[in-house]
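Asks: just to be clear, the model below is a prediction. Sequence and coordinates:
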Amino acid sequence: MNTEQNAEVRRLFDYDRETVDAVANRKMACPTCHDRGEYRRKTKDGDSAETIFCACGKVQLIQYIAEQKIAVHDRFVRLAGLVPSERSQLSTERQTEVLAELRANPQHSYAFFGPAGTSKTTFCVALYRERAVRWVNSCRVLPLVGDYGVQRAKSYLKDYPIYLVSAKKLLEDFHKESLGDVDEHGQKVHPVVNGEKLARAGEQGALFLEEIDKVHFTEFKINALFELFDACYEHGVQLVFNTNLTLEKFAAQFGPETGPAIFRRVAETCTVYDFFSE
Ligand SMILES: [Zn+2]
């Protein structure tokens, strides 16, 4: 991680890179609050002291979320620190333009269409991380240290409304739920997110769909996907996905009647980037 990529935690927690990393990874006690979660500081006029809620728990929770949700090779990605990549098939100008838009409106919905190698996954990861940081920032989070560290992280994430899921697995789970299937532990299968949960999350919520190209669409799965897109549109939930398919091929998967309807909903909800047309 370089200093720029570390900007998000520096905003929260103003130490050098090594210290931030060590505290985030819970390898070192917080130098500010000594893992108590708050500390006393003199007020500006210097006459009295005030209690300040420490940011170390937030830094640790962001790290925990990244470890759970983001692939190892993408964990360095930060929207604030992203610069155009020479390895991308997109021109530097186009990357600069897209990054400026994403940074200006990181909470908007986006659909990225483009061939492999056009930075689509990087853009999605950057948006996801930014969204997670925003949510963590809005919470009161105590340090995740000690025996209760992971339990505490899990309890915070019970209400976590930012879903980063494989569309393939999610739609298969919808299907299994409808059949009353059980998993390997004998528990009834339920999709990790559905329209109802998205409706409840509202503008706090976000749905990041991966692997939408890998879905073998049936009528049932098409309807389930439509329900999710509808919930995002109706309730102001952020929707982000990317696909290697062209706009036409993406719509064609859903058939001549439903295809245009789904595409219309996507276009109403998302800023659509078509990297097939440079
Ligand atoms: Zn602290």
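Replies: Thanks, I have the structure now. As the structure is a prediction and not an experimental result, all values here were calculated from the model.
Asks: enumerate every residue touching the closest residue to residue 178 other than its chain neighbours.
Replies: Closest residue to residue 178 apart from its sequence neighbours, by Cβ to Cβ, 6 or more residues apart in numbering: residue 220 at 6.9 Å. All C-beta spots, glycine's among them, are computed from the backbone N, C-alpha and C. Taking Cβ atoms under 8 Å, 6 or more residues apart in numbering, we find residue 220 in contact with 174, 175, 178.
Asks: ok, how many other residues are close to the first one?
Replies: Yep, that's residue 174 we're talking about. By other Cβ atoms under 10 Å, the residues close to residue 174 number 20.
Asks: isn't it up against residue 191?
Replies: Yes. Counting by Cβ atoms under 8 Å, residue 191 is a contact partner of residue 174 at 5.1 Å.
Asks: which stretches of the chain form strands?
Replies: Assigned by DSSP state E, the chain shows strands spanning 38-42, 49-53, 110-113, 162-166, 206-210, 238-243, 271-274.
Asks: run a quick neighbour tally on residue 262.
Replies: Neighbour number of residue 262 under other Cβ under 10 Å is 19.
Asks: now do the contacts for it.
Replies: 222, 225, 226, 229, 251, 254.
Asks: what spatial separation is found between it and residue 180?
Replies: 27 Å (Cβ to Cβ, to the nearest Å).
Asks: try residue 261
Replies: Residue 261 is 29 Å from residue 180, by Cβ to Cβ.
Asks: again with residue 202
Replies: 30 Å.
Asks: more crowded one of these two?
Replies: Counted by other Cβ under 10 Å, residue 202 and residue 180 do not tie: residue 202 has more neighbours, with 13 against 8.
Asks: hmm, the more buried one is touching residue 236, no?
Replies: Yes. Counting by Cβ under 8 Å, residue 236 is a contact partner of residue 202 at 5.9 Å.
Asks: could you list the low-pLDDT ranges of the chain?
Replies: 1-12, 278 (pLDDT under 70).
Asks: give me the buried positions along stretch 39-49.
Replies: For stretch 39-49, the neighbour count (16 or more other Cβ atoms under 10 Å) marks residue 39 as buried.
Asks: chain center to it: distance?
Replies: Mean-position distance between stretch 39-49 and its chain equals 37 Å (Cα atoms, centre = their mean, to the nearest Å).
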